[in-house]
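**Student:** 3D model of this:
(chains A and B)
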Amino acid sequence: MILAKVVGTVVSTRKEPKIEGIKFLLLEKIDPSNMQGKGDYLVAMDSVGAGLGEVVFFVAGSSSRMTDTTEGKPSDATIISIVDSIDINGEYVYKK
Amino acid sequence: MIFGKIEGTVVSAQIDKGIKGKKCLLVQTCNHKGDGDGNYLVAVDLIGAGVEEVVIISQGISAIRSPSFTCSSIFTTGLEGTPVCCLSKTST
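**Tutor:** This is a model prediction of the structure:
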């Protein structure tokens, strides 16, 4: 699972019927040692109701098709968690 | 499988039910000597690993479907079909 920040939404009208009704978010991967974005973006399906600015982690590959929201759908990345806190060696580097 | 060093923990209340209640650890991938390479990932801990320990991480379908491919005695059951990466411990 990879840590990322929600930086936007992706809207599409014309798409594969199987992915209709699913929210797509634009994620930027982050480096937890400084909580800065790495400039690496991807689009992920949302299964937990994440919002703009929130730190999340997502699963990629076949795991991303195992949530209730994405089961049997052509997903390659799914947000499965909204992060409350991250600590490194006992010190909080992020708190919601 | 890849080597990783435990750096910390990740806490989340809003989480997919497949891994609810599982401990999530922040891991920096590293070489066989334990030197980190700056890449981080979040992994589900099945074995009770702690900070600074070097572990082996399985990813992708292996993490979900293959509870017996390594160190089978320390893997717990009940993970089949859940969206996870998982950990097993190694000695340095």
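**Student:** The residue minimising distance to the centre of chain A: what secondary structure?
**Tutor:** What sits nearest the mean C-alpha location of chain A, by C-alpha atoms, centre = their mean, is A:Ile79, with 3.6 Å. Reduced to three states with DSSP: H, G, I helix; E, B strand; the rest coil, the structure at A:Ile79 is strand.
**Student:** bridging residues for it?
**Tutor:** With DSSP bridges applied, A:Ile79 shows beta-bridge pairing to A:Asp46, A:Phe58.
**Student:** and if you look at B:Gln28?
**Tutor:** Counting by DSSP bridges, B:Gln28 forms beta bridges with B:Lys5, B:Tyr40.
**Student:** dump the residue contacts of it.
**Tutor:** The contact partners of B:Gln28, by C-beta atoms under 8 Å, 6 or more residues apart in numbering or on different chains, come to B:Gly4, B:Lys5, B:Glu7, B:Gly36, B:Asp37, B:Gly38, B:Asn39, B:Tyr40. C-beta: built from backbone N, CA, C; applies to glycine.
**Student:** Dump those residues into TSV; add neighbour count and pLDDT as well.
**Tutor:** Formatted as TSV, the contacts of B:Gln28 follow (neighbours: other C-beta atoms under 10 Å in any protein chain shown; pLDDT from 0 to 100):
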residue	neighbour count	pLDDT
B:Gly4	28	88
B:Lys5	21	90
B:Glu7	22	92
B:Gly36	16	90
B:Asp37	12	92
B:Gly38	9	91
B:Asn39	15	91
B:Tyr40	23	93
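**Student:** mind listing the strands for the chain?
**Tutor:** Since no chain was named, I'll use chain A. For chain A, applying DSSP state E gives strands covering A:2-10, A:24-31, A:36-46, A:55-60, A:77-82, A:85-88, A:91-95.
**Student:** Oops, wrong one, chain B.
**Tutor:** Counting by DSSP E, one finds strands in chain B at the ranges B:2-11, B:14-15, B:23-30, B:36-45, B:54-58, B:86-89.
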